[in-house]
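[1] Just the structure for this:
(one chain, ligands or ions: 1)
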Amino acid sequence: MNTPLTTDLGILRAVGNTPLIQLHANGSDGGASVFVKLEYLNPSGSVKDRMTLAILDDAERRGQLKPGMTVVEYTGGSTGPALALACRAKGYPLKLVTSSCFTPERLAMMAAFGADLEVMPRRSPEGMTQEDVADMTNRVAELASLPDYFSTDQFHNQAMVEGYRQTLGQEILNQTGGRMTAFCTGVGTGGTLMGVGLAIKETLPDCQVVAMEPAGSPALSKGVVGPHKLQGLSGGKSPLVDMNVVDSVETAGDDEAIAMAASLAKTDGIFAGISTGANVVVARRLAERLGPDDVVVTIAVDSGMKYMSTGIFG
Ligand SMILES: Cc1ncc(COP(=O)(O)O)c(C=O)c1O
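    As a prediction, the model looks like this:
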């Protein structure tokens, strides 16, 4: 039987199977190789394409999401475009609550994918704060209490973790062929970390799973929160993060993350955002502590295109 060329999933067929690229050695590594999984090559431009269908399918199965309902979520500009693609494939309107602390490109992208946007004014010029997060979550809670709205509630959604475990986690395991020594990634919802972390612990229990958080808001390692510039990272304690799956926590500073994002484009042609810069700062740090046979894997979460207005690429 011939496989049909098209399905109702449309562009979602292009999600996944992203390349895993080895970074050039930077001279100070202790010999361990660092590999980056290019998740910005997904159709909405970030890792978030991995989990949106899993969330919507799960909500439909539970009877929480029904035809005619509007999906609502708060987002800094990665989940938004990804949800827009999945909602369009399934025929649900989407309302996104966001904040002016995110770059204009991120806000424009969400609108471009057809979402209805509500932008909350930022609280601090220093970066995102926990008050900004509260403004967005409170507004989503208000909307979700109205009839015919369904909140995907990404900070509490286990279906999302499962989406990452089955797709991203399995791909990384296949691509590294059992040779991964450490995996690190930043914590926003913690979905990526948990999904990949669970897949790793099932197959490679000795592989280190490392959470990365902003140095300006070290909630997991020090219980302290503050403003930071690592857009997409919550800087708080996400309820999804199970510390039994996490071997250690590392922090990355705003300046070193920004410098790494800018240099990655030049040294390795990886044009990615600030949280990716932070991921690579920590991956390189881990590599320095490991040996020549070791392999460290991290994620290029989203594209540098969404950060052009920050001027970080010169
Ligand atoms: C740019 C960026 N980096 C990292 C993350 C963190 O991913 P997760 O929510 O899976 O922890 C996000 C989440 O929105 C993001 O937008």
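
[2] Quick one: name the residues of the stretch 1-150 of the chain near the ligand.
    Counting by C-beta under 6 Å from any ligand atom, the residues of the stretch 1-150 of the chain close to the ligand are 76, 78, 79. C-beta coordinates here come from the backbone N, C-alpha and C atoms, glycine included.

[3] who's in contact with the first one?
    With contact taken as C-beta atoms under 8 Å, 6 or more residues apart in numbering, residue 76 is in contact with 98, 99, 101, 102, 106, 128, 188, 231, 232.

[4] Just give me the neighbour total for the third one.
    By the other C-beta atoms under 10 Å criterion, the neighbourhood of residue 101 contains 25 residues.

[5] List phi and psi for residue 100.
    Comment: the main-chain dihedrals of residue 100 come out as phi -70, psi 0, following degrees, to the nearest 10.

[6] pLDDT score assigned to it?
    Residue 100 carries a pLDDT score of 93 in this model.

[7] got it, and the one 10 residues further on?
    Among the per-residue scores, residue 110 holds a pLDDT of 88.

[8] how near is it to residue 65?
    Counting by C-beta to C-beta, to the nearest Å, the gap between residue 110 and residue 65 amounts to 20 Å.

[9] For these two, work out which one has more neighbours and name it.
    In this comparison of residue 110 against residue 65, neighbours counted by other C-beta under 10 Å, the higher total goes to residue 110 at 27 against 19.

[10] Tell me how far that one lies from residue 66.
    Residue 110 is 24 Å from residue 66, by C-beta to C-beta.

[11] Pick out the residue of this protein closest to the ligand.
    Taking C-beta to the nearest ligand atom as the measure, the point where the chain comes nearest the ligand is residue 232, at 2.2 Å.

[12] Name the nearest residue to that residue, sequence neighbours excluded.
    With C-beta to C-beta, 6 or more residues apart in numbering as the criterion, residue 232 has its nearest non-adjacent residue at 4.7 Å, and that residue is residue 275.

[13] Let me know how buried the closest residue to residue 126 other than its chain neighbours is, in neighbour terms.
    In space, residue 126 comes closest to residue 227 once its chain neighbours are excluded; the distance is 4.0 Å by C-beta to C-beta, 6+ apart. The criterion is other C-beta under 10 Å. On that basis, residue 227 has 20 neighbouring residues.

[14] List the contacts of residue 227.
    124, 126, 127, 128, 129, 216, 217, 235.

[15] now it: how far from residue 187?
    Computed with C-beta to C-beta, the distance linking residue 227 and residue 187 is 16 Å.

[16] Check residue 240 too.
    The spacing between residue 240 and residue 187, counted by C-beta to C-beta, is 9 Å.

[17] And residue 158, by the same measure?
    Summarising the geometry, the distance separating residue 158 from residue 187, computed by C-beta to C-beta, is 16 Å.

[18] These two: which has the busier surroundings?
    When neighbours are counted by other C-beta under 10 Å, residue 187 comes out ahead of the other of residue 158 and residue 187, with 28 against 14.

[19] if I read this right, the more buried one contacts residue 239, doesn't it?
    No - with the criterion set as C-beta atoms under 8 Å, residue 187 and residue 239 do not qualify as a contacting pair; they are 11.4 Å apart.

[20] sorry, back to before: and which of the contacts of residue 227 is nearest to residue 192?
    Residue 192 lies nearest to residue 235 out of those, by C-beta to C-beta, at 15.7 Å.

[21] What about that closest one, how many residues nearby?
    The number of residues packed around residue 235, counting by other C-beta under 10 Å, is 26.

[22] just the strands in the chain please.
    20-22, 33-38, 70-74, 94-99, 116-120, 149-151, 182-186, 208-214, 248-252, 295-300 (DSSP state E).

[23] Quickly check: the longest one near the ligand or not.
    To tie it back to what came earlier, the one meant is strand 208-214. No - Strand 208-214 does not reach the ligand (C-beta under 6 Å from any ligand atom); its nearest approach is 9.2 Å.

[24] chain center to that strand: distance?
    13 Å (C-alpha atoms, centre = their mean, to the nearest Å).

[25] Just checking: what are the partner strands of it?
    Based on DSSP bridges, the strands next to strand 208-214 in the sheet, each with its direction, are strand 182-186 (parallel), strand 248-252 (parallel).

[26] low-scoring stretches of the protein, by residue?
    Per-residue confidence of the chain (counting by pLDDT under 70) places the weak regions at 1-8, 27-30.

[27] switch to 50 and redo it
    1-6 (pLDDT under 50).

[28] in it, which spans are helices?
    In the chain, the helices defined using DSSP state H lie at 52-61, 79-90, 104-112, 130-144, 158-164, 170-176, 191-203, 219-222, 254-268, 274-289.

[29] So which of these is nearest residue 305?
    So among the helices of the chain, helix 104-112 is nearest, using C-beta to C-beta, at 6.6 Å.
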